[in-house]
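Asks: sequence plus the predicted model coming up.
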Amino acid sequence: MGKGRLEAFSDGVLAIIITIMVLELKAPHGTGFDALGPLMPSFLSYVLSFVYVGIYWNNHHHLLHAAKSVSGAVLWANLHLLFWLSLLPFTTAWMGENHFEALPSAVYGFVLLMAALAYYLLQRLIMSTDGPDSLLKKAVGSDWKGKLSPVFYATGILTSFWQHWLAQALYVFVALMWLVPDRRIERAIKH
């Protein structure tokens, strides 16, 4: 099965996710800078989630570019990833409107954790579909970022009940870790 349709569908879903997130931002009722202050948590939540969606979009593109073909299992794994990412608008709005309090921050981290695990599963299924000479398998290697990210998300979830700002710092740290696109796949494709 070709991968173009899968990529086009995923791009569309990710574009809708970003659109829903931005529509959750409400305009202030005042006209001065002081009217923007109460909106800062919602805006910061949006920025973080926008970065995460961008990271997934970028790495998903590289992932599919390295894949030779897709199977039924890959299609379902991709939907599994998109399901978790589609919950970002809800958790982003909830966390922002409640000023990064414990439970909304923990649920946000849980969605990030599940999206990371879904991405890992998708990656593994693509490698399995492509067989032992999988370009993706050669490119990914030990995948330290992919293995470390869920640990930081789980720590953020637990930390959110103790110090929710520390949880946010962990979520930001993981985003910064992934901000630069995965060059391993680009290098493998060039060779």
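Replies: Noted; the coordinates are in hand. Numbers count the residues shown, from 1 in each chain.
Asks: top helix in the chain by residue count?
Replies: helix 102-130 (DSSP state H).
Asks: for that one, name the packing helices and strands.
Replies: Here helix 102-130 touches helix 40-66, helix 72-86, helix 88-97, helix 135-140, helix 144-159, helix 164-178, going by 3 or more CB pairs under 8 Å, 6 or more residues apart in numbering; DSSP states H and E. (C-beta placed from N, C-alpha, C; glycine too.)
Asks: just name the most buried of these.
Replies: Highest mean neighbour count among those (mean count of other CB atoms under 10 Å): helix 88-97, with a mean of 22.
Asks: please put the alpha-carbon coordinates of it into CSV.
Replies: Presented in CSV, the C-alpha positions along helix 88-97 are these (Å, rounded to 0.1, in the frame of the first residue of the first chain):
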residue,chain,number,x,y,z
LEU,A,88,-4.3,18.0,22.8
PRO,A,89,-6.8,20.8,22.1
PHE,A,90,-9.0,19.7,25.1
THR,A,91,-6.1,19.2,27.5
THR,A,92,-4.4,22.4,26.3
ALA,A,93,-7.5,24.5,26.9
TRP,A,94,-8.2,22.8,30.3
MET,A,95,-4.6,23.3,31.5
GLY,A,96,-4.5,26.9,30.3
GLU,A,97,-7.8,27.9,31.7
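Asks: now do it, average pLDDT.
Replies: Average pLDDT, helix 88-97: 97.
Asks: that one versus helix 164-178: what angle between them?
Replies: With axes from the mean of the first three to the mean of the last three CA atoms, to 10 degrees as the basis, helix 88-97 and helix 164-178 are set at 140 degrees to each other.
Asks: got the angle for helix 88-97 vs helix 102-130?
Replies: 160 degrees.
Asks: follow-up on the earlier one: which one of the helices and strands packed on helix 102-130 lies nearest to residue 19?
Replies: Checking those against residue 19 by CB to CB gives helix 88-97 as the closest, at 8.8 Å.
Asks: tell me which other helices or strands the closest one touches.
Replies: helix 4-23, helix 40-66, helix 102-130.
Asks: how about TSV for those, with mean pLDDT added?
Replies: Below are the helices and strands packed on helix 88-97 laid out as TSV (pLDDT from 0 to 100):
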stretch	mean pLDDT
helix 4-23	95
helix 40-66	95
helix 102-130	97
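Asks: now the ones you listed in CSV, with distance to residue 164?
Replies: Formatted as CSV, these follow (distance: least, CB to CB, whole Å):
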stretch, distance to residue 164
helix 4-23, 20
helix 40-66, 11
helix 102-130, 5
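Asks: which one of those lies nearest to residue 174?
Replies: Among the helices and strands packed on helix 88-97, if distance is taken as CB to CB, the winner is helix 102-130, at 7.5 Å.
Asks: now that closest one, how far from the centre of its chain.
Replies: 8 Å (CA atoms, centre = their mean, to the nearest Å).
Asks: ok, which of the helices and strands packed on helix 88-97 comes nearest residue 86?
Replies: Of the helices and strands packed on helix 88-97, nearest to residue 86 by CB to CB is helix 4-23, at 5.9 Å.
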